[in-house]
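**Student:** when you get a sec, could you give me coordinates for this:
(chains A and B)
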Amino acid sequence: MNTEYSVKDSGLQLKGTNFGIRAVFPDDLTDDALLKIFAAVPQEAYALPIGRGVVLDFQARPCSERFITRVMREVVWPKKLKVLAWLTSDKDSSKRLEGAGFCVTEPEPDPIQVPARAQKQEQAGAAAGPNVVILDRSLRSGRHEEHGGNVVLVGHLNEGAEIYAGGSVFVLGRLKGLVHAGCGGTDGVCVVTGSFEARQLRVGDKLCDQFGYDMKWWKKPVIITLENEGLLFREWTIPQ
Amino acid sequence: MGARVIVVTSGKGGVGKTTSTANIAVALAKAGKKVVAVDTDIGLRNLDMVMGLESRVVYNVIDVIEKNCKLNQALVKDKRVQNLYLLPAAQTRTKDAVSPEQMGELCEQMRPDFDFVLLDSPAGIEGGFKNAAAGADEALVVTTPDPPAVRDADRIIGMLESMGKSPIRLIINRFRIAMVQNNEMLSQDDILDILSIKLVGIVPEDVNVIKASNFGEPLTFTPSSPAGQAYKDIAARLLGENVPLLKLDAYKSNGPFSAFKKWLGFLDARRKER
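**Tutor:** Numbers count the residues shown, from 1 in each chain, chains lettered A, B, ... in the order given. Model (predicted):
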């Protein structure tokens, strides 16, 4: 009997997801082989992505009570793994796991890391309609607005005022304050303004603070997007 | 009916709140109104010095609030003009010694006896400002034509709006027309565009203001200087009079080449007409 088990050649897959690690076990290994391979995975492998825990995906493998107990005793407890779900397409096994109080469904992915207040607004907005907030007045210095979706400001964003949005930001007047569009790292968002006069701009996870009076787009209507890891300015031609 | 209670504030320090309070108070009193100027800058009292009344201070605003004396005992009457009073701040206490509710009660106590209560606010947006603004109906926001002061004024205006103060009027202080013409200073239009509130007056830069503060003699006692005249006009506008803004061009520097420049401008205009 071959007792040498190689993690590399075993077919065990560890996938990074936005809830943590998903461990996918091959169907063709014996229980003993699977447990040894599982136990041989270094502890560091589970710590790589920042997440909530581990999902064990046994695919079509039947999971007996003895096997589940062994997984717990030989791997989960010694490695102090936080198991989010036990997944198997074998119905009896799934019932057995559920009956033992384990979670047998896919965990919900973590939402984009937007500020807590913005998340609440987003939830409120989802019930009310499109995920857009329209602010119909200028924001004075010291004002701070957060929203998980898009923000349209019908007015000026004065120096010292801030908008943080999970989506795009449209400032129809002058943009002098701070805008962070795509807050939480969302791509595909833009910043549009009737007059660009800001000293700093944040889009997604990029920050640029090299703006000044001498830049080409200063005090011009512009559309700013994130392209090739940099901010791309284009003139905003306002339709007549 | 009672007094109009107006807070004079700015956000940024050193823009001329106290000078404005003293001068407008004198101008209103000279216009026949009964006025009290209240120094709410607890711990950093200086309105008494600008008004030239420091030697006569006995009690202060905290004494009144803590009922160590009656309001009439703490009021310092200005002998140079009828109906002008000062309620000085305490110099040995801090802004924590008074609450917004207490300031509100104090203003209500003064309201029946005066036409105007002018509250000289400390700089900043913390407790001192909130105390000063608590009892006020209206606000005068003072700014100088430089971006930091305008940004702070913008912040203060937002706070005053959220507190329900109305109207909120703007005084642009230490204005230098020559610098504006050389694009070295924010213009009146630039400032109004940012702050979006009603302008009540522009006070030109004037060395007489420093002299007046040093001697405790507000300029509006003898408004022959540009700044004195500007403050007198602000007081008139507060009384509802329609007074045009000062022609600040009159105060710009007339260098030896100014006539020549005007002549060149005339030629240039003629050339464009053709």
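**Student:** mind listing the helices for chain A?
**Tutor:** A:31-40, A:65-71, A:77-79, A:91-99, A:116-128 (DSSP state H).
**Student:** over to the stretch 1-150 of chain B?
**Tutor:** In order along the chain, the stretch 1-150 of chain B carries the following helices (DSSP state H, counting those that start in this stretch): B:17-30, B:47-50, B:61-65, B:71-74, B:100-110, B:127-134, B:147-162.
**Student:** for chain B, give me its nearest residue in chain A.
**Tutor:** Using Cβ to the nearest Cβ, the point where chain A gets nearest to chain B is A:Arg140, with a distance of 3.5 Å. Backbone N, C-alpha and C define where each C-beta goes, glycine included.
**Student:** show me the contacts for that residue.
**Tutor:** The neighbours of A:Arg140, taking Cβ atoms under 8 Å, 6 or more residues apart in numbering or on different chains as the test, are A:158, A:160-161, B:154-155, B:157-158, B:161.
**Student:** now it: closest residue in space that isn't a chain neighbour?
**Tutor:** The shortest distance from A:Arg140 to any residue other than its chain neighbours is 3.5 Å, reached at B:Gly158 (Cβ to Cβ, 6 or more residues apart in numbering or on different chains).
**Student:** and the gap between the one you found and B:Gln188?
**Tutor:** With the distance defined as Cβ to Cβ, to the nearest Å, B:Gly158 ends up 21 Å from B:Gln188.
**Student:** likewise B:Ile168?
**Tutor:** According to Cβ to Cβ, B:Ile168 and B:Gln188 sit 17 Å apart.
**Student:** repeat for B:Ile6
**Tutor:** Taken as Cβ to Cβ, the span from B:Ile6 to B:Gln188 is 22 Å.
**Student:** between these two, which one's more packed in?
**Tutor:** Neighbours per residue, other Cβ atoms under 10 Å in any protein chain shown: of B:Ile6 and B:Gln188, the larger number sits with B:Ile6, 22 against 17.
**Student:** got the contact list for the closest residue in space to the more buried one that isn't next to it in sequence?
**Tutor:** Using Cβ to Cβ, 6+ apart and skipping the chain neighbours, the partner closest in space to B:Ile6 is B:Glu138 (4.6 Å). Contact analysis of B:Glu138 by Cβ under 8 Å, 6+ apart lists B:4-7, B:165-169.
**Student:** which among those residues end up buried?
**Tutor:** For the contacts of B:Glu138, burial is judged from neighbour counts taken by 16 or more other Cβ atoms under 10 Å in any protein chain shown, and it is met by B:4-7, B:165, B:168-169.
**Student:** any chance of a markdown table for those residues, columns pLDDT?
**Tutor:** Supplementary listing: these in a markdown table, determined by pLDDT from 0 to 100:
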| residue | pLDDT |
| --- | --- |
| B:Arg4 | 97 |
| B:Val5 | 98 |
| B:Ile6 | 98 |
| B:Val7 | 98 |
| B:Lys165 | 96 |
| B:Ile168 | 97 |
| B:Arg169 | 97 |
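**Student:** on that earlier part again, would you format the contacts of A:Arg140 as TSV with distance to B:Ala133 and pLDDT included?
**Tutor:** TSV is the format used below for the contacts of A:Arg140 (distance: Cβ to Cβ, whole Å; pLDDT from 0 to 100):
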residue	distance to B:Ala133	pLDDT
A:Asn158	20	95
A:Gly160	19	91
A:Ala161	20	93
B:Asp154	16	96
B:Arg155	13	95
B:Ile157	12	96
B:Gly158	12	95
B:Glu161	11	95
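**Student:** farthest pair in the residues you listed?
**Tutor:** Across these, the two members that end up farthest from each other (Cβ to Cβ) are A:Gly160 and B:Glu161, 15.0 Å apart.
**Student:** and the two? Which one has more around it.
**Tutor:** Using other Cβ under 10 Å as the criterion, A:Gly160 and B:Glu161 rank with A:Gly160 on top: 20 against 15.
**Student:** identify the residue spatially nearest to that one, adjacent ones excluded.
**Tutor:** Counting by Cβ to Cβ, 6+ apart, A:Ser141 is the residue found nearest to A:Gly160 once chain neighbours are left out, at 3.1 Å.
**Student:** isn't that neighbour right next to B:Asp154, touching?
**Tutor:** Yes. Under the criterion of Cβ atoms under 8 Å, A:Ser141 lies in contact with B:Asp154, with a separation of 4.0 Å.
**Student:** of those two, who's got more company?
**Tutor:** The residue with more neighbours, out of A:Ser141 and B:Asp154, is B:Asp154; 29 against 24, by other Cβ under 10 Å.
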